[in-house]
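Enquirer: could you work out the structure for the sequence below:
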Amino acid sequence: MIILSISFILTCSLIFNLPTKENTEENKIYCTQEQRGVEICTQDYSPTCGWFNKSIKCFKYPCAQTFSNVCYACADPTVEFYTSEECPK
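Expert: Numbers count the residues shown, from 1 in each chain. Below is the predicted model:
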């Protein structure tokens, strides 16, 4: 019984401490200077989560906004990096 309890606790701690897609370093894509200088973006819809830089003070998670595509996310000067798909809720 004790072994089962310990096993359950370890399994739960692993599940709840796994890194999520939006907070892992390898999923961050930083905007390039070329992307920042774009004046016109296409109207294709490919949801992108633009994460704000330190100039924006957020009071709750996530400190981000969903943009219709990468172009719009990188055109916003307050976006530091982006991740694929919509922002977490």
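
Enquirer: rest of the way, CA atoms for contacts and neighbours
Expert: Will do.

Enquirer: point out where the chain drops to low pLDDT.
Expert: Along the chain, the model assigns pLDDT under 70 to residues 1-25.

Enquirer: now do the helices in it.
Expert: Secondary structure of the chain (DSSP state H): helices at 2-16, 33-36, 70-75.

Enquirer: pretty sure Thr48 sits against Cys74.
Expert: No: counting by C-alpha atoms under 8 Å, Thr48 stays clear of Cys74, with 10.0 Å between them.

Enquirer: what is the burial count for the residue lying closest to Asn69 once chain neighbours are set aside?
Expert: Leaving aside its chain neighbours, Asn69 sits nearest to Ser46 (4.8 Å; criterion: C-alpha to C-alpha, 6 or more residues apart in numbering). For Ser46, the neighbour count with other C-alpha atoms under 10 Å is 14.

Enquirer: repeat for Thr83
Expert: Count around Thr83 with other C-alpha under 10 Å applied: 23.

Enquirer: who's in contact with it?
Expert: Counting by C-alpha atoms under 8 Å, 6 or more residues apart in numbering, Thr83 touches Glu22, Asn27, Lys28, Ile29, Thr48, Cys49, Gly50, Trp51.

Enquirer: again, 7 Å this time
Expert: If a contact means C-alpha atoms under 7 Å, 6 or more residues apart in numbering, then Thr83 has Glu22, Asn27, Lys28, Ile29, Thr48, Cys49, Gly50 as its contacts.

Enquirer: most neighbours, which of those?
Expert: Ranking the contacts of Thr83 using other C-alpha under 10 Å puts Gly50 first, with 31 neighbours.

Enquirer: what's opposite the closest residue in space to that one that isn't next to it in sequence in the beta bridge?
Expert: Distances taken as C-alpha to C-alpha, 6+ apart put Tyr82 closest to Gly50, at 4.4 Å, once the chain neighbours are dropped. Residues in a beta bridge with Tyr82, per DSSP bridges, are Ile29, Gly50.

Enquirer: my read: Tyr82 touches Thr32, true?
Expert: No: in this structure Tyr82 lies outside contact range of Thr32 using C-alpha atoms under 7 Å: 11.3 Å.
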